[in-house]
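Participant: sequence first, then the predicted structure, then my questions.
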Amino acid sequence: MCLALPCRIVELLPAEQARIDVAGVGKEISLALVEDVAVGDYVIVHVGYALTRLDPEEAEKTLALFAELGQAALETSPNGHDMLRYPRS
Amino acid sequence: MRFIDEFRDGKLATGLAAAIRQAARDDRDYHFMEFCGGHTHAIARYGVTDLLPPSVRLIHGPGCPVCVLPVGRIDMAIRLAREAGVSLCSYGDPLRVPASGGLSLLKAKAALNGKSGGGEIRMLYSGADALALAQQHPERQVVFFAIGFETTTPPTAVLIKQAQALGLRNFSVLCCHVLTPSAIASILESPEVRRWGTLPLDGFIGPAHVSTIIGTRPYEFFADEYRKPVVIAGFEPLDVMQAILMLIKQVNAGRALVENQFSRAVTRAGNRKAQQLVSEVFELRRSFAWRGLGELPYSALRIRREFAEFDAERRFGVDYQAVEDHPACECGAVLRGVKRPQECRIFGSVCTPENPIGSCMVSSEGACAAHYSFGRFADLAVAS
Ligand code: SF4
């Protein structure tokens, strides 16, 4: 039950509420725990509350780092592709 | 979905797996505890262990709020519905946790609902639904069974403040919120780790969503005091893999720092607005019983006196009574990382997700349920 999802704010509503988009489905959540959220922002939503804003730039940096770390390792280890069973589901 | 799918990319996983294999030294083992059930679930579901060299071992920790809830707390919720006649509202996950007398919230629900005049048990996704129920039905006493770590605590604080602002007289909270740092401290202080060395532990994968609220700072103590590195990691498989790589590098370099892998949403200070709300409404309990870990000092929250009328324990005078776990159940050892689910005698035979005996089999984030659903067949494949 600790799973929380990054969701995009599509509309700000009265009383610190907002509408989000979850895989095409609209849903209402509370913004009572966050500040200065705007339409188009991504927030991490848990039990109907936005816990924090998600920073898209940092997300890109993390992805770039994954690629960089992996690239460097694969270039130096010829058998980098063995024992792979990913993804399983 | 954006910010999810990219973090499950198989090609990137191949690269990270290679980087981990390269970083892991041949002459030593690495034992990392993933504290949080969310990580346990992701690791099992995406087969992260299959991508790791044999020298890297992951140990499941106690970070599943349903799993650490002692039987006596579920009994309190059931008593509120059955004896005090309230509308008891709970998140879905605790419903199937076995309670005393062969009951669970779900079984008690079936027995109660439909009977007129008595209490009832309802399942909801958000505590806000409980508040709405109280507003719609002033004639009913509504109690929200609030469980969880630091991620679910701020929403409960918001509810209590809202109930106060609305002047509601029929809404209260059975507060079972617990604190992540206390549970980590209890593991590090446990005899298995400190004295007997039966639980080798080289570092922690820390929970990202908890840290969106509390920040990374509360973990600095563990890094300093116990010389264990902590990497706060997101819940997608690539996040977990990068965290493992970061931990291996720290261990190799003899460092013990708090690092933040989930920089896209976690800061050192955390969410101050949420922290402020939590400290306004809650205070530390002197002691709280955890399943598997026992009574831990200052490890949970209770509602402050200023909000006493919204505290179901005070309003209805229910108190906690300790109850023994099922004699065969190894949940305690599993939660402390001392045993693996498959080492429990009744794992997968008597105890299954359809018929859970212990709490670790209930939530999909529980170590036993995760291993049953995703890992059991991997074991069989290796054995045959
Ligand atoms: S298999 Fe069931 S009884 Fe055994 S430790 Fe896991 S949850 Fe507890």
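Facilitator: Happy to help now that I have it. Numbers count the residues shown, from 1 in each chain, chains lettered A, B, ... in the order given.

Participant: just give the nearest non-adjacent residue to the residue in chain A positioned nearest to chain B, would you?
Facilitator: Closest to chain B within chain A is A:Gly70: 1.5 Å, counting by Cβ to the nearest Cβ. Where C-beta positions appear, they are placed from N, C-alpha and C, glycine not excepted. Spatial nearest neighbour of A:Gly70, excluding adjacent residues (Cβ to Cβ, 6 or more residues apart in numbering or on different chains): B:Gly15 at 1.5 Å.

Participant: that neighbour contacts A:Ala67, doesn't it?
Facilitator: Yes - using Cβ atoms under 8 Å, B:Gly15 is in contact with A:Ala67, at 6.8 Å.

Participant: the longest strand along chain A and chain B in contact?
Facilitator: Longest among the strand segments of chain A by residue count, using DSSP state E, is strand A:5-13. Yes - with Cβ under 8 Å from any Cβ of the partner chain as the criterion, chain B is reached by strand A:5-13 at A:Leu5, A:Pro6, A:Arg8.

Participant: who wins on neighbours among the residues you listed?
Facilitator: A:Pro6 (22 neighbours; other Cβ atoms under 10 Å in any protein chain shown).

Participant: in chain B, where is pLDDT below threshold?
Facilitator: B:114, B:116-117, B:375-384 (pLDDT under 70).

Participant: where along it do the strands fall?
Facilitator: Going by DSSP E, chain B shows strands at B:30-36, B:56-63, B:87-90, B:120-123, B:142-148, B:171-177, B:203-207, B:230-233, B:258-260, B:282-284, B:287-290, B:294-297, B:301-303.

Participant: dump the ones you listed to a markdown table, plus mean neighbour count and distance to chain A.
Facilitator: Formatted as a markdown table, those follow (neighbours: other Cβ atoms under 10 Å in any protein chain shown; distance: least, Cβ to the nearest Cβ, whole Å):
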| stretch | mean neighbour count | distance to chain A |
| --- | --- | --- |
| strand B:30-36 | 25 | 6 |
| strand B:56-63 | 24 | 8 |
| strand B:87-90 | 26 | 11 |
| strand B:120-123 | 20 | 12 |
| strand B:142-148 | 27 | 7 |
| strand B:171-177 | 26 | 12 |
| strand B:203-207 | 29 | 7 |
| strand B:230-233 | 29 | 11 |
| strand B:258-260 | 22 | 10 |
| strand B:282-284 | 17 | 14 |
| strand B:287-290 | 20 | 16 |
| strand B:294-297 | 15 | 19 |
| strand B:301-303 | 22 | 16 |
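
Participant: buried set for the helix or strand just after the longest strand of chain A?
Facilitator: On the C-terminal side of strand A:5-13, the closest following helix or strand by DSSP states H and E is strand A:17-22. Neighbour-count burial for strand A:17-22 flags A:Ala18, A:Arg19, A:Ile20 (criterion: 16 or more other Cβ atoms under 10 Å in any protein chain shown).

Participant: quick one: residues contacting the first one.
Facilitator: By Cβ atoms under 8 Å, 6 or more residues apart in numbering or on different chains, the contact list for A:Ala18 reads A:Ile9, A:Val10, A:Glu11, A:Leu12, A:Glu28, A:Ile29, A:Ser30, A:Leu31, A:Val37, A:Ala50.

Participant: let's see 6 Å
Facilitator: A:Ile9, A:Leu12, A:Ile29, A:Leu31 (Cβ atoms under 6 Å, 6 or more residues apart in numbering or on different chains).

Participant: just flag the most distant two among these.
Facilitator: Spanning the widest gap among these are A:Leu12 and A:Ile29, at 11.1 Å by Cβ to Cβ.

Participant: more crowded one of those two?
Facilitator: A:Ile29 (23 against 13).

Participant: is it correct that that one is in contact with A:Val22?
Facilitator: No - in this structure A:Ile29 lies outside contact range of A:Val22 using Cβ atoms under 6 Å: 9.6 Å.

Participant: quick one on the thing from earlier: so which of the contacts of A:Ala18 reach the ligand?
Facilitator: For the ligand, no contacts are drawn from the contacts of A:Ala18 by Cβ under 6 Å from any ligand atom.
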